[in-house]
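**Q** Dropping the sequence and predicted coords here.
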There are 2 protein chains.
Amino acid sequence: MAERVTIVEVAARAGVAISSVSSALNDRPGVSEQTRARIKQAADDLGFVPSVRGRSLSAKRAFAVGLVVHRDPFVLESDPFFGSFIGGLESVLDPRGYALILQMGSAADETLDRYRRLAAGRRVDGVFLNELVVDDPRVPLVQQLGLPAVGVNPAAGFPLPAVRQDDSAGIRELVDHLVALGHRRFAHVSGPDRFVHARRRSAAWRDALVAADRDPGVVVEADFTYDGGARAAAQLLGGGGAGGSARVGDGSVRVDDPSERPTAVFCANDLAAIGFMAEADRLGVRVPDDVSVAGFDGIELGTYVRPALTTLTTAPRLIGAEAARLLLAAVDGDPVPDAEIDHARLLVRASTAPAPR
Amino acid sequence: MAERVTIVEVAARAGVAISSVSSALNDRPGVSEQTRARIKQAADDLGFVPSVRGRSLSAKRAFAVGLVVHRDPFVLESDPFFGSFIGGLESVLDPRGYALILQMGSAADETLDRYRRLAAGRRVDGVFLNELVVDDPRVPLVQQLGLPAVGVNPAAGFPLPAVRQDDSAGIRELVDHLVALGHRRFAHVSGPDRFVHARRRSAAWRDALVAADRDPGVVVEADFTYDGGARAAAQLLGGGGAGGSARVGDGSVRVDDPSERPTAVFCANDLAAIGFMAEADRLGVRVPDDVSVAGFDGIELGTYVRPALTTLTTAPRLIGAEAARLLLAAVDGDPVPDAEIDHARLLVRASTAPAPR
DNA sequence: TTGAAAGCGTTACCAC
DNA sequence: GTGGTAACGCTTTCAA
């Protein structure tokens, strides 16, 4: 690698001490405007960019933050959240001279170790806590490590700074929409119960239906994947009698009786909803004529599938930007009030229609 | 952040000089086995992990490499390559104590700047060059910067170390498969012509057809997206007369004459192929009865769509691992022969069938 | 306002 | 085999 310009050369060229260069370039007082200008000129001439290595050691900062993606390698492949989220992070980190260190680990315990090593090696000044699970072990870990962290859509009572986007208002809108369309038999395809966001969406769905004086109906636990959604559809709509494994709410409908099939299904994310629709189609159950389907996320793909997917649109990019803002504030030791993103919005498209009579 | 153990404390506890601690812990000679053991014990007791910051400055290494994703924020969202690729990178980087710095930039010129700043700030020891375009400006840039780099699936004659996975053998297999099924009218939905991998796949497709004594047929340039694939289908199969914008090969078929429609279509990636199939379905053109469709990548989703997608399976995880291995070798100044991954394999599923008569 | 010097936590060199 | 010490490139403190 080519030799790089250091602060020493800038100082030599400007005819001053390196401490003055440092002060001048960091816009700190103690340098006359005249010498400051001269120093900046010299730095420009030489194309000087301070070495983050030297800065790190001296400033006791890594100027980097970490994101550990824990789940199978193919999350990034199927989860549309990350791309935009990371874009949002970058939009804040980059202008402030921070870099994002991305780690991927599959096993959960390995993930914890990643955080530990990130902290031990002083690689990062803080981390993002994503995809939080109930009693997430990362929380006590970062607390114990004294590692600044911000949570993304955590549960209520989360002890660290967090950015949140409310689900429930949008889900209420969805329920109102479905009720207005005359639906009476509902079902929910949830995410794994250990994820707090999966739980929250399920609870919001149930609460909204109860508030609308409707039976919350069946809940089938899926896994946020296309295939999971398809399997849920087979369970809820298929004749296979596989309905046995559906978790049935209090006083709910039976899924294996065709006449009692749900006519409106809310899937915990778009990908599962799209898989659900595909399987419904395969089973000869028409969407939206026989069953209305709604998703959650607002991914691009939902625009193109037929029928286009009714969904709740979230703001991953904004969430990322806010998360980065919060984390940098926490790193600076500033007070960090939680950030609240405008709630997920109902986007009605073609996959929801009046209930069949 | 809690105070961390440094080498000084380890030295004190073991009753030796810090230089001995360094030698002992890095398994260098010049320390008796006895003291080495004592030092390692002391380090363990204290939970010592060397600070990357100190090491960086001293060793003149960042112990980090960079990946700049250039394209719209939603790549990670729709491109299945990245998740597995990054997983592959990590599998090599992490054990060697290297971290991955991920940057995202949309505009191409901004991307170049990202590389420049990464290098100028000495943030990374090397970078990956992905999604190479024809005459990619990043190549002269890294050469000029003296920044180690490895290319992923570059064009022939690429001047830097590279990892490659051959497309053409698999594409020949695909063509043979289609020819054996009796197809005579072909079409190709390509990626943007500026990408070297898009060009290579197009060329391989054309060459294989010519070698099989068949007419290469029409090429429609799409953009690797679901929607792009759908639009291509509308063009190739639709009655809309939109066929006008199709780029027609020498002596090729006319797309707007239904009887001359292609019966076998190769899409440059799976996502586009899936969009293509969806649009075909919408137009009342049955897959695979009326038209056979094949993709490229081997993404998970292709397993679940109906008909399941015939495709060429690639090995992004392996490509990532090899790319990381090469880059670290380059950083170490070792000779770096290109890495060749076993070629993409034909995976026949339900979307290809005998040509309609 | 300016400059000298002391860290920051390692590694590497060189005496002992 | 072992222990000092310079060097890495910067920030910060303290004299001048």
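**A** The structure has been received and is ready for your questions.
**Q** hey, where'd the strands end up in chain A?
**A** A:64-70, A:99-105, A:127-129, A:149-152, A:162-165, A:186-190, A:218-221, A:264-267, A:292-294, A:311-313, A:339-341, A:345-347 (DSSP state E).
**Q** For those strands, give me a markdown table that also has mean pLDDT and distance to DNA strand D.
**A** Every residue, glycine included, has its C-beta placed from N, CA and C. As requested, the strands of chain A are exported to a markdown table (pLDDT from 0 to 100; distance: least, Cβ to the nearest atom of the strand, whole Å):
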| stretch | mean pLDDT | distance to DNA strand D |
| --- | --- | --- |
| strand A:64-70 | 92 | 16 |
| strand A:99-105 | 91 | 16 |
| strand A:127-129 | 98 | 23 |
| strand A:149-152 | 98 | 23 |
| strand A:162-165 | 98 | 28 |
| strand A:186-190 | 98 | 49 |
| strand A:218-221 | 96 | 51 |
| strand A:264-267 | 98 | 50 |
| strand A:292-294 | 98 | 52 |
| strand A:311-313 | 98 | 42 |
| strand A:339-341 | 97 | 27 |
| strand A:345-347 | 98 | 44 |
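**Q** Would you tell me which of those gets closest to residue B:17?
**A** Among the strands of chain A, the nearest to residue B:17 by Cβ to Cβ is strand A:64-70 (31.2 Å).
**Q** quick one: the nearest residue to residue A:350 once chain neighbours are set aside and residue B:282, what's the gap?
**A** Among residues not flanking residue A:350 along the chain, residue A:307 sits closest, at 3.5 Å (Cβ to Cβ, 6 or more residues apart in numbering or on different chains). To residue B:282, residue A:307 is 11 Å away according to Cβ to Cβ, to the nearest Å.
**Q** go on, residue A:67?
**A** Distance, residue A:67 to residue B:282, using Cβ to Cβ: 39 Å.
**Q** Tell me which of the two has more neighbours.
**A** Set residue A:67 next to residue B:282 and count neighbours by other Cβ atoms under 10 Å in any protein chain shown: residue A:67 wins out with 23 against 14.
**Q** give the contact list for residue A:167.
**A** Residues in contact with residue A:167 (Cβ atoms under 8 Å, 6 or more residues apart in numbering or on different chains) are A:197, A:200-201, A:204, A:296, A:312, A:343-344.
**Q** Okay, the nearest residue to residue A:40 once chain neighbours are set aside and DNA strand C: tell me how far apart.
**A** In space, residue A:40 comes closest to residue A:24 once its chain neighbours are excluded; the distance is 6.5 Å by Cβ to Cβ, 6+ apart. According to Cβ to the nearest atom of the strand, to the nearest Å, residue A:24 stands 8 Å off from DNA strand C.
**Q** Tell me if I'm right that residue A:24 and residue A:36 touch.
**A** Yes. In this structure residue A:24 lies within contact range of residue A:36 using Cβ atoms under 8 Å: 4.4 Å.
**Q** Of these two, which one has the most company?
**A** More neighbours surround residue A:24 than the other of residue A:24 and residue A:36, with 25 against 21 (other Cβ under 10 Å).
**Q** wait, what's in contact with that one?
**A** Taking Cβ under 8 Å, 6+ apart as the test, what residue A:24 contacts is A:31, A:35-36, A:39-40.
**Q** cool, and residue A:311?
**A** Taking Cβ under 8 Å, 6+ apart, we find residue A:311 in contact with A:270, A:273, A:294-299, A:302, A:347, A:349.
**Q** that older thread, contacts only, for the residue nearest to residue A:350.
**A** Counting by Cβ under 8 Å, 6+ apart, residue A:307 makes contact with A:277, A:287-288, A:349-351.
**Q** Just give me the neighbour total for residue A:128.
**A** Counted with other Cβ under 10 Å, residues neighbouring residue A:128 total 23.
**Q** Is it in contact with residue A:148, as I believe?
**A** No. In this structure, residue A:128 is not within contact of residue A:148 by Cβ under 8 Å, at 10.3 Å.
**Q** what residues are shared contacts of the two?
**A** Shared contacts of residue A:128 and residue A:148, defined by Cβ under 8 Å, 6+ apart, are found at residue A:327.
**Q** Could you measure from the nearest residue to residue A:70 once chain neighbours are set aside over to DNA strand C?
**A** Closest residue to residue A:70 apart from its sequence neighbours, by Cβ to Cβ, 6+ apart: residue A:111 at 3.8 Å. Here the criterion is Cβ to the nearest atom of the strand. By it, residue A:111 lies 24 Å from DNA strand C.
**Q** and residue A:111, what is it in contact with?
**A** Residues counted as contacts of residue A:111 (Cβ under 8 Å, 6+ apart) are A:68, A:70, A:105, A:138.
**Q** Would you confirm that residue A:189 contacts residue A:270?
**A** No. Taking Cβ under 8 Å as the definition, residue A:189 is not a contact partner of residue A:270, at 11.4 Å.
**Q** higher neighbour count, those two?
**A** Each of residue A:189 and residue A:270 has its neighbours counted (other Cβ under 10 Å); residue A:189 has more, 30 against 27.
**Q** quick one: the more buried one and DNA strand C, what's the gap?
**A** 49 Å.
**Q** which one of the contacts of residue A:24 has the most neighbours?
**A** Counting neighbours by other Cβ under 10 Å, residue A:39 leads the contacts of residue A:24 with 24 neighbours.
**Q** Tell me the predicted confidence for that one.
**A** On pLDDT, residue A:39 comes in at 95.
**Q** what's the answer for residue A:113, then?
**A** On the pLDDT scale, residue A:113 is placed at 89.
**Q** Contact partners for it?
**A** Residue A:113 makes contact with residue A:105, according to Cβ under 8 Å, 6+ apart.
**Q** same check, this time on residue A:280
**A** By Cβ under 8 Å, 6+ apart, residue A:280 lies in contact with A:233, A:237, A:286-287, A:290-291, A:293.
**Q** can you do 6 Å?
**A** By Cβ atoms under 6 Å, 6 or more residues apart in numbering or on different chains, residue A:280 lies in contact with A:233, A:237, A:287.
**Q** Helices - which of the residues you listed land there?
**A** A:233, A:237 (DSSP state H).
**Q** Show me where the stretch 101-250 of chain A dips below the pLDDT cut-off.
**A** By pLDDT under 70, the weakly predicted segments of the stretch 101-250 of chain A are A:106, A:239-250.
**Q** Within range of chain B, give me the residues from it.
**A** Taking Cβ under 6 Å from any Cβ of the partner chain as the contact definition, the stretch 101-250 of chain A meets chain B at A:101-102, A:104, A:120-123, A:146, A:226-227.
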